[in-house]
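J.: structure, please.
(one chain, ligands or ions: 1)
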Amino acid sequence: MSRAELRVMVDPTSCDGYGTCAELLPEWIETDEWGFPVIRREALPAHLADHADRAVHACPRMAIRVVRVRS
Ligand code: SF4
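T.: Now for the predicted structure:
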């Protein structure tokens, strides 16, 4: 039986690399040496979902999103 998981994804072509998302979701997003987000690939824990939504809404380029995937 499959279940849904949340994943955080970024569109690198839209990202400006200022790292707002990493400031709002440091448990899940780091920045590389140029300031671009490096996002953990595994399923987002439920207790971080609200923080992830905040990062999505704060992104000035609408480059980051939370998607629901079947596992
Ligand atoms: S907040 Fe958006 S534009 Fe800024 S680094 Fe994160 S994904 Fe890129």
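J.: following element in sequence after the helix or strand encompassing Val8, please.
T.: Using DSSP states H and E, Val8 falls within strand 4-10. Of the helices and strands lying after strand 4-10 in sequence (DSSP H and E), the nearest is helix 20-24.
J.: how far away from the center of its chain is that following helix?
T.: 9 Å (CA atoms, centre = their mean, to the nearest Å).
J.: hmm, who's touching the longest helix along the chain?
T.: What stands out as the longest helix in the chain, according to DSSP state H, is helix 49-58. Helix 49-58 is contacted by residues 6, 8, 20-21, 24-25, 27-29, 44, 64-66 when judged by CB atoms under 8 Å, 6 or more residues apart in numbering. For glycine as for every other residue, the C-beta is placed from the backbone atoms N, C-alpha and C.
J.: how about it: buried residues?
T.: Within helix 49-58, the residues that count as buried by 16 or more other CB atoms under 10 Å are 51-52, 55-56.
J.: of all those residues, which comes closest to Asp16?
T.: Minimum separation from Asp16 among the buried residues of helix 49-58 (CB to CB) is found for Ala55, which lies at 14.1 Å.
J.: how much space separates that closest one from Val38?
T.: The gap separating Ala55 from Val38 is 14 Å, by CB to CB, to the nearest Å.
J.: tell me, what's touching those two both at once?
T.: Ile29.
J.: around the ligand, pick out the residues from this structure.
T.: Selection of the chain residues close to the ligand by CB under 6 Å from any ligand atom yields 10, 15-21, 37, 59-61, 63-64.
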